[in-house]
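# got a predicted structure here, sequence first:
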2 protein chains.
Amino acid sequence: MDAIEQTLLEQIAGLHEIPTGAYNIRANGQTESRNTTANIDIISKPDGTGIDIRIKPGTKHESVHIPVILSQTGLQEVVYNDFYVGEGADVVIVAGCGIHNSGCDTSKHDGIHRFFLEKGARVRYVEKHYGEGDGNGKRIMNPKTVVELGQDAYMEMDSVQIKGVDSTIRTTEAVLADGARFVVTEKLMTHGSQDAKSEFVVDLDGKGSSANVVSRSVAREDSRQLFVSKIHGNNKCSGHSECDSIIMDDAKISAVPEITANHPDAALIHEAAIGKIAGEQITKLMTLGLTEQEAEEQIVNGFLK
Amino acid sequence: MDAIEQTLLEQIAGLHEIPTGAYNIRANGQTESRNTTANIDIISKPDGTGIDIRIKPGTKHESVHIPVILSQTGLQEVVYNDFYVGEGADVVIVAGCGIHNSGCDTSKHDGIHRFFLEKGARVRYVEKHYGEGDGNGKRIMNPKTVVELGQDAYMEMDSVQIKGVDSTIRTTEAVLADGARFVVTEKLMTHGSQDAKSEFVVDLDGKGSSANVVSRSVAREDSRQLFVSKIHGNNKCSGHSECDSIIMDDAKISAVPEITANHPDAALIHEAAIGKIAGEQITKLMTLGLTEQEAEEQIVNGFLK
């Protein structure tokens, strides 16, 4: 693995070296390295379209890393990865995609990740997207996440896309059984002429199920963002969705949340706010010695922390 | 005017007798009576499709009542009424439609009201919709309100539909110039197998313009409600939209608000909540001697007050 690939790995997975536990590192369309454990198996799909990750019931305190890096300009791929998480397991899954494009062709990674959590299983899922490279070729990522939460299952999804992705359509779909919980934290920043669409569809089918979707975003320069969330309360359940955005320069932001109660015991709430950084916040930091630009950076970093 | 017509008039316009000021009472597709004042003229459109209401610049403390009643089963009509409000005028406009349907045919009133407010004009617009009658014929009302607010103009719109309307599509569109303000309060209750859709589209085009759209609704029995609001911030402006709904029985409610910032100085906020009446609220009122049903009524009435 060369220096560029190592930088990408560090950006998307915080990896300075080969991770402990199970992993599958995919580089430029091929498996670079793989490790399985007694409880976590990783199997290539027979048709070569991706991998199946099988986590045994009761597996605790283990992790799976499946980063994807593209450093070859013009590479375009679609990958299907399925996670089967056994009853009562409690694991951390780190995915993500880093693209370094120093050429003039479009590099693109579409990752479709499906999660099947059995009864009482718990997953913390971390996903980062990062792009770099000085070529004119675009860096495009379209992650799709499909989640099926069994009875009393819990999934926490942290999704971050801070830099360098020219175009993205992010789709997350979740269906919850009785007592299941789904918690999403999304952080998004766009700049230049980037385009980002983020859509969540959550079906609260189970009695006592709950979802909390929180998105924070910053749109700078000429970038555009569209946030869509649909929460359907189909049983006694609770759902909350929140979208806070900072708008700067000539950016444009739309938020279109939908809450639908199909059951009298569904309690659903949505909040959305779009605005620029308050002038007094900047003034305050400037009196502490920062330039206006540094003050803005500080506030944006704090907002996306 | 017979007793039925008088009841309708009272329900929709709070009128026990002929109102003071300008008025145009429309009953069963025809003008029943009309009054104009020195400052407020009412003219039938040459093609018979409705009326033009012309309010002179500077007119203060005057009112216009234009109630519509339908007591004849099976009557279906579309009416276009245009309000031209001169610079600096400050008036109250009361519209509304009452349908008494004791037959088996559908009675339907579609009213398209357009408001053109000149610089600095102020309007308080009150609109009530009410249906009654023991026939099987449906009572349908589709009010459409189109508002153009000139510089520094202000319009307050109170819209109430509490009872008896089987199906309604309510559409409100507003375009605001510099410094204009638009404040909407909507109250809606549906029951039986009623259907209601309420849609707001507000374009904050002017510098310093602002809009506040607040909708409160109660859906009972098998009724369905859909609330849609679209606020577009196209300049330095502020927009707020809020939708609170109580869901009961087997009702279904959807809220789909959209906020779009096309300008970095647009500050937009949306809030929505759907839920049932809290159990402890009912318990509290029951300890004061109310039955469960009476307690529910009290809470619903308070919510829609």
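Good, I have the coordinates.
# now the nearest residue in space to A:D134 that is not next to it in sequence: how far from A:G192?
Closest residue in space to A:D134, ignoring its immediate chain neighbours: A:S102 at 5.8 Å, by CB to CB, 6 or more residues apart in numbering or on different chains. C-betas here are computed from N, CA, C, even on glycine. Per CB to CB, to the nearest Å, A:S102 is found 17 Å from A:G192.
# in the sheet, who's paired with the residue of the stretch 101-250 of chain A found nearest chain B?
The nearest approach of the stretch 101-250 of chain A to chain B comes at A:I247, 5.1 Å away (CB to the nearest CB). With DSSP bridges as the criterion, A:I247 is bridged to A:A219.
# contacting residues for it?
A:A219, A:I253, A:I274, A:G275, A:K276, B:A261, B:P264, B:A266 (CB atoms under 8 Å, 6 or more residues apart in numbering or on different chains).
# residues from the stretch 201-305 of chain A in reach of chain B?
For the stretch 201-305 of chain A, the contact set with chain B under CB under 8 Å from any CB of the partner chain comprises A:233, A:245, A:247-262, A:264-276.
# which is the next helix or strand following the helix or strand A:S217 falls within?
Secondary structure from DSSP states H and E places A:S217 in strand A:209-219. For strand A:209-219, the succeeding helix or strand toward the C-terminus, using DSSP H and E, is strand A:224-233.
# that following strand pairs with which strands, and in what direction?
Counting by DSSP bridges, strand A:224-233 is paired with strand A:195-204 (parallel), strand A:252-261 (parallel).
# and the next element down the chain from the last one?
Under the assignment DSSP H and E, the closest C-terminal helix or strand after strand A:252-261 is strand A:266-275.
# strands paired with that following strand, and their directions?
strand A:237-247 (parallel), strand B:266-275 (antiparallel).
# ranking helices and strands of chain A by mean pLDDT, which lands last?
helix A:3-13 (a mean of 80; mean pLDDT, DSSP states H and E).
# next structured bit after that one?
strand A:22-27.
# now for that following strand, which elements pack on it?
Where contact means 3 or more CB pairs under 8 Å, 6 or more residues apart in numbering or on different chains; DSSP states H and E, strand A:22-27 is packed against strand A:30-35, strand A:40-44, strand A:50-55, strand A:60-70.
# any idea how far it is from the middle of the chain?
Between the centre of strand A:22-27 and the centre of its chain there are 18 Å (CA atoms, centre = their mean, to the nearest Å).
# check stretch A:260-275 too.
Using CA atoms, centre = their mean, the offset of stretch A:260-275 from its chain centre is 22 Å.
# who's in contact with stretch A:40-57?
A:21-22, A:24, A:31, A:34, A:36, A:39, A:59, A:62, A:64, A:66, A:78-89, A:91, A:93, A:112, A:118.
# one more time with 6 Å
Outside stretch A:40-57, the residues that touch it by CB atoms under 6 Å, 6 or more residues apart in numbering or on different chains are A:22, A:24, A:34, A:36, A:39, A:62, A:64, A:79-89, A:91.
# rewinding a little: more crowded one of A:S102 and A:G192?
Higher neighbour count among A:S102 and A:G192: A:S102, with 15 against 11, using other CB atoms under 10 Å in any protein chain shown.
# residues touching that one, list them.
A:G133, A:D134, A:G135.
# quick one: which of these has the most company?
A:G133 (19 neighbours).
# identify the bridge partners of the spatially most central residue of chain A.
Centroid check for chain A by CA atoms, centre = their mean gives A:S159 as the closest residue, at 2.7 Å. Using DSSP bridges, the beta-bridge partners of A:S159 come out as A:E127, A:E186.
# and A:I169, helix, strand or coil?
Using DSSP: H, G, I helix; E, B strand; the rest coil, the structure places A:I169 in strand.
# and the pLDDT at it?
In this model, A:I169 is scored at 93, pLDDT.
# I'd assumed A:I140 was in contact with it.
No. Counting by CB atoms under 6 Å, A:I169 sits too far from A:I140 to count as a contact (9.1 Å).
# surely A:A180 is in contact with A:S209?
Yes. The pair A:A180 / A:S209 is scored as a contact, 4.9 Å apart, by CB under 6 Å.
# low pLDDT regions in chain A?
Low-confidence segments of chain A, defined by pLDDT under 70, span residues A:15-17.
# how about the strands in the stretch 51-200 of chain A?
Listed in chain order, the strands of the stretch 51-200 of chain A (DSSP state E, counting those that start in this stretch) span A:60-70, A:76-85, A:90-100, A:107-117, A:122-132, A:139-141, A:144-149, A:154-163, A:167-176, A:181-190, A:195-204.
# list the buried ones in the third one?
Just to be clear, that refers to strand A:90-100. Neighbour counts over strand A:90-100 (16 or more other CB atoms under 10 Å in any protein chain shown) mark A:D90, A:V91, A:V92, A:I93, A:V94, A:A95, A:G96, A:C97, A:G98, A:I99, A:H100 as buried.
# what's the angle between that strand and strand A:40-44?
40 degrees (axes from the mean of the first three to the mean of the last three CA atoms, to 10 degrees).
# contacts for strand A:90-100?
With CB under 6 Å, 6+ apart, strand A:90-100 has contacts from A:4, A:8, A:11-13, A:55, A:60, A:62-71, A:107, A:109, A:122-133, A:139, A:141.
# among these, name the buried ones.
By 16+ other CB under 10 Å, the contacts of strand A:90-100 give A:8, A:11-13, A:55, A:62-71, A:107, A:109, A:122-133, A:139, A:141 as buried.
# sorry, back to before: buried subset of the residues of the stretch 201-305 of chain A next to chain B?
A:233, A:245, A:247-248, A:251-262, A:264, A:266-276.
# ends of stretch A:243-261, how far apart?
Using CA to CA, to the nearest Å, the end-to-end distance of stretch A:243-261 comes out at 20 Å.
# distance from it to the middle of the chain?
17 Å.
# so for stretch A:112-123, what gets flagged as buried?
Buried-residue list, stretch A:112-123, by 16+ other CB under 10 Å: A:I112, A:H113, A:R114, A:F115, A:F116, A:L117, A:E118, A:K119, A:G120, A:A121, A:R122, A:V123.
# start to end distance for that stretch?
OK, stretch A:112-123 end separation, CA to CA: 17 Å.
# quick one, phi psi at the residue nearest to A:D134?
In terms of degrees, to the nearest 10, the main-chain angles of A:S102 are phi -110, psi 10.
# circling back: when A:I169 and A:I140 are compared, which one has more neighbours?
Neighbours around A:I169 and A:I140, counted as other CB under 10 Å, are more numerous at A:I140. The numbers are 20 against 16.
# OK, contacts around that one?
Counted by CB under 6 Å, 6+ apart, A:I140 has contacts A:K108, A:S167.
# now it: how far from A:D195?
The value you get for A:I140 to A:D195, if CB to CB is used, is 10 Å.
# overlap in contacts, the two.
With CB under 6 Å, 6+ apart as the test, A:I140 and A:D195 both reach A:S167.
# returning to that earlier point: using TSV, lay out the contacts of A:S102 together with distance to B:M155.
Output for the contacts of A:S102, formatted as TSV (distance: CB to CB, whole Å):
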residue	distance to B:M155
A:G133	53
A:D134	54
A:G135	54
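# what residues of stretch A:140-149 count as buried?
A:I140, A:M141, A:N142, A:P143, A:K144, A:T145, A:V146, A:V147, A:E148, A:L149.
# which strand residues bridge A:I66?
Residues in beta-bridge contact with A:I66 (DSSP bridges): A:A95.
# that one contacts A:N24, doesn't it?
Yes. In this structure, A:I66 is within contact of A:N24 by CB under 6 Å, at 4.8 Å.
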